[in-house]
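> pasting the structure only:
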DNA sequence: TTGTACGCGTTATCAT
DNA sequence: ATGATAACGCGTACAA
């Protein structure tokens, strides 16, 4: 098969290639009639410009890349949708790209910058810990939009970040449980080796205990296994089953993700308990499913819409040279629903 | 900033560009020492080859594109993971690309073929109805992996397809409900304008009724609104609430997606009913959440793992010239869990 | 084993 | 308004 190129179109129309190029790219200096002719033959011939060649030549493609780490997070779809709208609003185009869990997102970004002449990058998800040195190679403005785990941004002027203070919000969750009477609170957490989001949420749990002068029962700290670090339904389910099998004494479960919370509820139901009658369960994230679960899930909801919007706004501020890089932290909202109950003074 | 190119590397190493190229692409004819030197300086200089330039030159990149329509479907993550493994196993690389709902996937594919020198394409999701003529332009083997809606493949030899017979499986669902005593079955369906998956599942519902000599109560056919055609939690919730508000008489709900089924359960719970005691609810899809919902969701589970695997296997068969295009239909499995109950003979 | 030179398809810069 | 031509960065045939 012979690929049809811009030259063929030019030849057929009896014009030069540059004229065809002008027609394609909506350049001003072109006769409407010739443009019409060219457009027509392009249609007829099914000509499609080769993007590789375009990117090679083009100085600037007015495009923003969004690099998504992992595909599993249910938030991302919504965030991407919002980002896309905002990007299109500014007449830029969005290059969506997935990064494998074991890939290095910065390497991918570096490649993409060369390939697509990007103007800006958004890193979505993943627990970003890269050497300043390496980040400096990324000569393009970028913002870190991190769902979970406020990055250590002190002194980082090479990029912006949008985050939630996981330590603080996790603290709020546990503090709330304590305030309504829970003293024996299990946490479904990441393994100790996890240094980002998992650790922050666990630290919040610990601090809330100590601030409220409640001793921590280490048996109630359930860490997922190193092999399966994902904040999944199944992990919540398995961890809770282990907790139950050990016959631990607790009144509430704090799962560090909504999916884990739902898994936890299921394990409790399977064991014949009721939520929140026998056990209270609280999640973290604010996924849509939480509202539809039965009982509706009490959770710490992350402001993902705002974060998505701010991510792009911040990126453009830097691109347009209006502002320096900034690190913004947004508050999550404790969303009270039906999976947690207040403990009566006699049952504490 | 000055972009560093292959020439710079060649110059620094005191070799020709082709030698550097050979080093990069692991060509055999190269002195290990020079290769080592080149690799070292590439690292040092942070040189990254420009993919646009490579694609432009390369005849063949041994890559397969997976075009995903929409980002919402919870299946896709898993399917993509499986496909990726299978593709990597064959030393090909996967180009993952999202297609907007209002974009034309074939157009996108056409562009991508030129840009990336694809060897094959997988269309995932979306309700594929394109002119043969247009598909013919796609000079690359492709397979249609359709979750929901067996495409009309009669006489289509230009591509392969992997699907589930939605009509048949939907029929099975309803037939099952009828067999265990349900006669007043509501269906939460797509609007009548939907000609693919929604229609097929509705047709199965109707056929099961007529085969079992049970009259259809049109008031129990709940179509989602034209504006919001998505198989979402909220749609299931809203449709069921409308059903309840109309005080319709029914004993079971067949939601054409698991998410809608869960939304439906929630509406029933909100109204003070119990599932399956007061109403039985059955879904369609087999999403992971179904097992963890309470009650665990009875559903028609699609064999997505097998489908993902077969999609790639079939694609490679055609790429390797081993086989012609084929259309394979896989059976779904009725997964009995806790959201449906048998009706006693006195309550029918 | 290595280097030179050309061309991939396009856009940008000149001319005209 | 239009056309010729030089890049863009790379892979590869061919020569050495």
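That came in fine, so what should we check first? Not measured: the values here are computed from a predicted model.
> Work out which residue lies at the spatial centre of chain A.
residue A:125 (3.9 Å; C-alpha atoms, centre = their mean).
> That residue and residue A:311: what is the separation?
For residue A:125, the distance to residue A:311 (C-beta to C-beta, to the nearest Å) stands at 12 Å. In this view, the C-beta of every residue, glycine as well, is placed from N, C-alpha and C.
> With residue A:196 instead?
Separation of residue A:196 from residue A:311 (C-beta to C-beta) stands at 18 Å.
> quick one: contacts for residue A:102?
Listed by C-beta atoms under 8 Å, 6 or more residues apart in numbering or on different chains, residue A:102 has no contact partners.
> and it, what element?
In this assignment (DSSP states H and E), residue A:102 forms part of neither any helix nor any strand.
> Tell me where the stretch 101-250 of chain A has helices.
Per DSSP state H, counting those that start in this stretch, the stretch 101-250 of chain A carries helices over the ranges A:105-116, A:132-137, A:166-179, A:197-211, A:233-245.
> Could you list which residues are in contact with the residue in the stretch 151-300 of chain A that DNA strand C sits nearest to?
Nearest residue of the stretch 151-300 of chain A to DNA strand C: residue A:159, at 27.7 Å (C-beta to the nearest atom of the strand). Taking C-beta under 8 Å, 6+ apart, we find residue A:159 in contact with A:135, A:141, A:142, A:143, A:144, A:325.
> ok, of those residues, which come out buried?
Buried residues within the contacts of residue A:159, counting neighbours by 16 or more other C-beta atoms under 10 Å in any protein chain shown: A:135, A:141, A:142, A:143, A:144, A:325.
> In strands only, show me those.
When DSSP state E defines the strands, the subset of the buried ones among the contacts of residue A:159 inside them is A:142, A:143, A:144.
> circling back to that earlier point, more neighbours, residue A:196 and residue A:311?
Between residue A:196 and residue A:311, counted using other C-beta atoms under 10 Å in any protein chain shown, the more crowded position is residue A:311 (26 against 19).
> Could I get the buried ones among the contacts of residue A:159 in CSV, plus columns for pLDDT and distance to chain B?
Shown next, in CSV, are those (pLDDT from 0 to 100; distance: C-beta to the nearest C-beta, whole Å):
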residue, pLDDT, distance to chain B
A:135, 84, 12
A:141, 95, 13
A:142, 94, 15
A:143, 95, 20
A:144, 92, 21
A:325, 93, 18
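> how about those in TSV, adding distance to residue A:13?
Shown next, in TSV, are these (distance: C-beta to C-beta, whole Å):
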residue	distance to residue A:13
A:135	48
A:141	40
A:142	42
A:143	44
A:144	48
A:325	48
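> ok, which stretches of chain A are strands?
Listed in chain order, the strands of chain A (DSSP E) span residues A:63-69, A:93-99, A:118-124, A:142-146, A:160-164, A:185-189, A:221-223, A:252-255, A:280-285, A:298-301, A:327-330, A:333-335.
> what's the closest of those strands to residue B:14?
Ranking these by proximity to residue B:14 (C-beta to C-beta) places strand A:118-124 first, at 32.7 Å.
> possible to save the buried ones among the contacts of residue A:159 as CSV with distance to DNA strand C?
Compiled in CSV, these are given as follows (distance: C-beta to the nearest atom of the strand, whole Å):
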residue, distance to DNA strand C
A:135, 29
A:141, 21
A:142, 24
A:143, 26
A:144, 30
A:325, 28
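> which among these gets closest to residue B:294?
residue A:144 (36.9 Å).
> I'd say the closest one and residue A:160 touch.
Yes - using C-beta atoms under 8 Å, residue A:144 is in contact with residue A:160, at 7.1 Å.
> so who does residue A:345 touch?
residue A:181.
> What separation do you get for residue A:79 and residue A:103?
Look at residue A:79 and residue A:103: by C-beta to C-beta, they are 20 Å apart.
> Please say which of those two ends up with more neighbours.
The neighbour comparison of residue A:79 against residue A:103 (other C-beta under 10 Å) goes to residue A:79, with 24 against 13.
> The more buried one and residue A:308 touch, don't they?
Yes - at 4.0 Å, residue A:79 and residue A:308 qualify as touching, with contact defined as C-beta under 8 Å.
> Now the common contact residues for these two.
Joint contacts of residue A:79 and residue A:308 (C-beta under 8 Å, 6+ apart) are residue A:145.
> which ones are touching the closest residue to chain B within the stretch 101-250 of chain A?
Closest to chain B within the stretch 101-250 of chain A is residue A:115: 3.9 Å, counting by C-beta to the nearest C-beta. With contact taken as C-beta under 8 Å, 6+ apart, residue A:115 is in contact with A:55, B:50, B:51, B:52.
> My read is that the second one contacts residue B:5, right?
Yes - in this structure, residue B:50 is within contact of residue B:5 by C-beta under 8 Å, at 7.4 Å.
> pLDDT below threshold where in the stretch 51-200 of chain A?
Within the stretch 51-200 of chain A, the segments meeting pLDDT under 70 span A:71-72, A:126-128, A:147-155, A:195.
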